[in-house]
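In: when you get a sec, could you give me coordinates for this:
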Amino acid sequence: MTLFYDVVEDVGKTVLAAGAIAQIRSSGETYDGELVVQVLEVTQLASKNYRFELWDSRDRCACNVASKLRGVASVVCKFGIVRITHHLVNRVAGQAVVIALGLEVVAASGRDVIDGETPKSDNNNASPPPGREKMIDETPRPPKSPPASERRTMTSEQKKRVEANKQAALEKKRQREASSGRRDAPEPKRLSPRDPPPPLVADRSAPARAMLFPRDEPDEARIDAAVSSCLDRCTITECHGVSSSGKSCFGVTLGALALARYPETHVLFVETNGGAHRLSRRAMNVADDRLGAGEAKRRILVTSAMDLNKLVDVLTRQVAKVVAQRPISFVVVDSVADVLRDANDTVERRQNIVLLLKAIKRCVSITSCACFLINQVVADFGAGASPNAVQASHNSTFAKLAKLRFKLTRPANHNIRNLRYLSHINASPDETGDVPTVPFVITKTGMHPPPHEES
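Out: Numbers count the residues shown, from 1 in each chain. Presented below is the predicted three-dimensional model:
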């Protein structure tokens, strides 16, 4: 192999080790040896980080450069040579992506490999050899001012006339609002971190337990106590499970219990998958079964948020407007994982999670309500039958945020229709090391205990 570089002389097989990328792909998540390769493409990402396309005379591989190496990566041009001293291997969609944590520049720029097979490249976009680069002045320049012939200077009489027109327009606007009886909505009180949230008056006649499972089994009593704690003021609860495991049914059932505990308050449902009408009908059926027909119709609020920006706006600005006229005791978000899927890379996904967590905490501080977050799963190694084989999406993040966490599973073989299992995963385990788990069935009127024990 013969290479010609303007910066490095006599770069041969000792620099480009054929088969280095194949060795990385066959290894595990880490690679201890040094990787000396050629850079075919340099791409700057939206997060100001850099991505290389590496070449070792045989294979190509993508390489994401860590943020701490932006300064080093910025000097590498097309067809340069780099030595990666420390890196990890991330498996994305079955492909190995190198993440460079230590980077040294052997040749900042040069020419393509002329001996041996190399990918075709666009010569128009190739970097010029050193010494022939176009000098680009990156100094920001002030905007050009219009020529003197186009400038217009207002006289004092013109300025007075413009000001008089503004005042007349404002006066007409006030008259129209007064004649139509329109009144500006009172601005909601902004809570400082030291101000306590406004109290929610609970119905003392309501039982202390949620009474979802009336039998006095140990696990059922613990689950009932945890479900009752979900309705406490400023409590954040997370629930996750596989598809059709009963997450939405659990949410609407808790909404009906919140309406029973806090009379004259409202429950807000925020859906993110386009099923607002279906969720509204389901919440009405469950609330009518527990409170009576027509009682909860005016106390259930349903809205949609199809992306992250819309959801943040609903949880902060729109909730503040609603609370000024209608107290809210319980908020259900179904589901938070739907709005976090559109991130392009890990950095953007982390930024979206931080933005969502701030909006959730802001919603709880404004309304002093309980918040119930429905999450999804990223892995299921037991076909839904084993609670320990299900892993929640963004598990570590919600483990820090939520005070209570529940997991719903769907058994593989059973004789009862719509049978599911509810587990309180962050509860203290019993003597056998298991967390409290109870069976329930999904019906049109919410979740209920099964009619009989499983055989």
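
In: ok, residue 408 touching residue 422?
Out: Yes - taking contacts as C-beta atoms under 8 Å, residue 408 lies within contact range of residue 422: 5.8 Å. C-beta coordinates here come from the backbone N, C-alpha and C atoms, glycine included.

In: which residues are common contacts for those two?
Out: 246, 250 (C-beta atoms under 8 Å, 6 or more residues apart in numbering).

In: show me where the stretch 201-350 of the chain has helices.
Out: Taking DSSP state H, counting those that start in this stretch, the helices of the stretch 201-350 of the chain run over residues 218-230, 247-261, 276-291, 308-313, 319-323, 346-367.

In: what's the mean pLDDT across the longest one?
Out: Meaning helix 346-367. Averaging pLDDT along helix 346-367 gives 89.

In: now the angle from the next helix or strand after that helix to helix 218-230?
Out: With elements assigned by DSSP states H and E, the helix or strand that comes after helix 346-367 is strand 370-375. Interaxial angle, strand 370-375 versus helix 218-230 (axes from the mean of the first three to the mean of the last three C-alpha atoms, to 10 degrees): 120 degrees.

In: next, the angle helix 247-261 makes with strand 370-375.
Out: Using the same axes, to 10 degrees, strand 370-375 lies at 170 degrees relative to helix 247-261.

In: and strand 370-375, which residues are buried?
Out: 370, 371, 372, 373, 374, 375 (16 or more other C-beta atoms under 10 Å).

In: report the contact partners of the second one.
Out: It refers to residue 371. For residue 371, the contact set (C-beta under 8 Å, 6+ apart) comprises 235, 236, 237, 330, 331, 333, 360, 363, 364.

In: what's the least confident stretch among the helices of the stretch 201-350 of the chain?
Out: When I compare these, helix 276-291 is least confident, with a mean of 84.

In: thinking again about what came up before, output the buried residues of strand 370-375 as TSV; include the columns distance to residue 81 and pLDDT.
Out: Formatted as TSV, those follow (distance: C-beta to C-beta, whole Å; pLDDT from 0 to 100):
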residue	distance to residue 81	pLDDT
370	58	94
371	53	95
372	55	95
373	49	95
374	51	93
375	46	91
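
In: could you dump those residues to CSV with distance to residue 251?
Out: Listed next are those as CSV, based on distance: C-beta to C-beta, whole Å:
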residue, distance to residue 251
370, 12
371, 11
372, 6
373, 9
374, 6
375, 11
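
In: what residues are up against residue 304?
Out: Counting by C-beta under 8 Å, 6+ apart, residue 304 touches 270, 271, 272, 274, 276, 310.

In: now the residue positioned nearest the centre of the chain: closest residue in space, sequence neighbours ignored.
Out: Centroid-nearest residue in the chain, with C-alpha atoms, centre = their mean: residue 340, separated by 3.4 Å. Leaving aside its chain neighbours, residue 340 sits nearest to residue 352 (5.5 Å; criterion: C-beta to C-beta, 6 or more residues apart in numbering).

In: helices and strands of this protein: which one bottoms out on pLDDT?
Out: One helix or strand of the chain scores below all others by mean pLDDT, DSSP states H and E: strand 30-31, with a mean of 62.

In: what lines up beside the next helix or strand after it in the sheet?
Out: Next helix or strand after strand 30-31 toward the C-terminus (DSSP H and E): strand 35-44. Its sheet considered, strand 35-44 pairs with strand 50-55 (antiparallel), strand 81-92 (antiparallel) by DSSP bridges.

In: dump the shortest one to CSV, restricted to CA.
Out: Extracted as CSV, the C-alpha positions of strand 50-55 are listed here (Å, rounded to 0.1, in the frame of the first residue of the first chain):
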residue,chain,number,x,y,z
TYR,A,50,-18.1,15.5,15.1
ARG,A,51,-18.6,12.2,13.3
PHE,A,52,-15.9,10.5,11.3
GLU,A,53,-16.1,7.7,8.7
LEU,A,54,-13.0,5.5,9.4
TRP,A,55,-11.1,3.4,6.8
